[in-house]
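A.B. asks: Quick one: sequence and predicted model below, then my questions.
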Amino acid sequence: MKCNICGNIASIKLDYANLRLCNLHFVNYFKRRIKRTIEKYKLINPGDKILIAVSGGKDSLTLLNILSELREDINFYLEGITIDLGIEEYSNKYIKIVKENYEKFKVEYKIISLKDELGFTISEIIKSMKRRRPCSICGAIKRYMLNKLAYEWGFNKLATGHNLDDLLYILLRSYIRGDYKQALKLYPLLPGNDRLVTRIRPLAEIPESDIILYSRIKGINFLKEKCPYSKGSKGFTYRKLLDMLEQESPSSKLSMLRSFYNIYKPALESYYLKRPIKLKYCKSCGMPTSNEICSVCKIIARVQRR
Ligand code: SF4
Ligand code: ZN
Ligand code: ZN
């Protein structure tokens with residue numbers, strides 16, 4: 001098997017692109033595709049102040065590496081944020097790894113303790129709310145904290161490491177639940193307004209398998225251990241289904257996302273978003289919400305009562 005670019009021995013086979021590549025040309029190809037996503041969806045402009053959410057997993061650390069290399073070319077400011085969720089040993093491990101990577105890629109960063117910010121750790125919140133799915137509570141709290149801090153610190157963009165498989169998983173889940181509002185948020189760029197900071201997802205068109213390859217080739221040390229609360233999550237089954245589909249018919253993952261963007265998303269928007277959604281501000285914390293009190297303030301009030 002020879003590299004399609006240089007003719008040397010190829011170590012990587014990308015069926016979806018019908019390419020065989022050596023490590024060097026795979027790395028170039030990978031970076032070029034992310035740059036293309038950034039340009040195509042106008043994710044980054046010169047002068048932007050970007051806060052990147054880094055969890056210690058392969059996706060956010062790969063994005064940290066790529067954005068740290070692009071910041072001089074495009075001329076934007078980059079800073080990292082990691083939330084110490086207080087999930088016992090697991091949190092200690094990812095905090096150690098993110099610190100190493102921030103130093104390695106020379107990116108300024110802040111580690112924020114959820115206990116200091118909200119008064120409770122994720123473990124304490126999950127234990128006192130037994131009947132709800134841990135990841136939906138944790139996900140809502142993380143999104144809230146990241147937006148709140150990015151806004152308060154004066155960043156105009158918040159970057160996250162969501163990849164192609166993550167977005168398709170959310171798309172399938174929202175389809176099954178009939179949750180069109182969730183589906184409409186699936187785009188590489190989610191424009192903000194007022195206290196809602198614009199969110200960008202530069203890895204939106206990159207399959208997870210390519211991120212694993214890239215992080216291995218580049219020697220990015222990421223946390224392989226799973227969060228103790230991820231057990232029982234449906235995510236694994238959805239992802240397996242998507243992988244089977246891709247194996248049978250290479251490039252179906254990317255086609256699925258692009259068809260959604262080009263055909264189904266505009267149709268859903270024209271049907272459901274005839275009038276723009278009016279955002280309110282939470283009466284308790286002042287952050288944007290569609291209700292009187294935001295979901296995170298409700299969660300915290302419930303935990304305090306117990
Ligand atoms: Fe939070 Fe679930 Fe992720 Fe654990 S797996 S960090 S509980 S979202
Ligand atoms: Zn090559
Ligand atoms: Zn609130």
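C.D. replies: Received, thanks. Ligands and ions are numbered 1, 2, ... in the order given.
A.B. asks: Could you tell me which residues of the stretch 151-300 of the chain lie near ligand 1?
C.D. replies: By C-beta under 6 Å from any ligand atom, the residues of the stretch 151-300 of the chain that approach ligand 1 are Cys227, Tyr229, Ser230. (Glycine included, C-beta is placed from N, CA and C.)
A.B. asks: Is Gly57 in contact with Asn163, as I believe?
C.D. replies: No. In this structure, Gly57 is not within contact of Asn163 by C-beta atoms under 8 Å, at 10.3 Å.
A.B. asks: Between these two, tell me which one has more neighbours.
C.D. replies: Counted by other C-beta atoms under 10 Å, Gly57 and Asn163 do not tie: Asn163 has more neighbours, with 24 against 20.
A.B. asks: Backbone torsions only: list them for that one.
C.D. replies: Dihedral angles of Asn163 (phi, psi; degrees, to the nearest 10) stand at phi -110, psi -180.
A.B. asks: who touches it in this structure?
C.D. replies: Asp59, Leu203, Ala204, Ile206, Pro207, Glu208, Ile211 (C-beta atoms under 8 Å, 6 or more residues apart in numbering).
A.B. asks: nearest residue to the most centrally placed residue in the chain other than its sequence neighbours?
C.D. replies: Of all residues in the chain, the one closest to the mean position by C-alpha atoms, centre = their mean is His162, 3.0 Å from it. Excluding the flanking residues, the one nearest His162 by C-beta to C-beta, 6 or more residues apart in numbering is Arg201, at 4.5 Å.
A.B. asks: same check, this time on Tyr281
C.D. replies: Pro288 (6.2 Å).
A.B. asks: Then Thr198?
C.D. replies: Gly192 (4.0 Å).
A.B. asks: For that neighbour, grab the count of nearby residues.
C.D. replies: 17.
A.B. asks: so what's it up against?
C.D. replies: So, once contact is read as C-beta under 8 Å, 6+ apart, Gly192 ends up touching Asn156, Thr198, Arg199.
A.B. asks: how much space is there between it and ligand 3?
C.D. replies: For Gly192, the distance to ligand 3 equals 17 Å [C-beta to the ion, to the nearest Å].
A.B. asks: List phi and psi for that residue.
C.D. replies: Dihedral angles for Gly192 - degrees, to the nearest 10 - are phi -100, psi -180.
A.B. asks: Give me the nearest residue to the residue of the stretch 201-306 of the chain found nearest ligand 2, chain neighbours excluded.
C.D. replies: Per C-beta to the ion, Ile217 is where the stretch 201-306 of the chain lies closest to ligand 2, at 12.5 Å. The shortest distance from Ile217 to any non-neighbouring residue, by C-beta to C-beta, 6+ apart, is to Asn23 (5.1 Å).
A.B. asks: What residue in the stretch 1-150 of the chain comes nearest to ligand 3?
C.D. replies: Closest point on the stretch 1-150 of the chain to ligand 3, by C-beta to the ion, is Tyr144, at 7.7 Å.
A.B. asks: Looks like Lys234 contacts Ile176 (just checking).
C.D. replies: No. With contact defined as C-beta under 8 Å, Lys234 does not count as touching Ile176 (9.4 Å).
A.B. asks: So for these two, which sits in the more crowded spot?
C.D. replies: Neighbours were counted for Lys234 and for Ile176 using other C-beta under 10 Å; Lys234 has more, 13 against 10.
A.B. asks: For Phe120, the count of nearby residues, please.
C.D. replies: 19.
A.B. asks: you'd agree it is in a helix?
C.D. replies: No. If the criterion is DSSP: H, G, I helix; E, B strand; the rest coil, then Phe120 is coil and not within a helix.
A.B. asks: Now it: closest residue in space, sequence neighbours ignored.
C.D. replies: Closest to Phe120 by C-beta to C-beta, 6+ apart is Val303, at 5.6 Å.
A.B. asks: cool, and Glu69?
C.D. replies: Taking C-beta to C-beta, 6+ apart, and ignoring the residues beside it in sequence, Glu69 has Lys31 as its nearest neighbour in space, at 7.7 Å.
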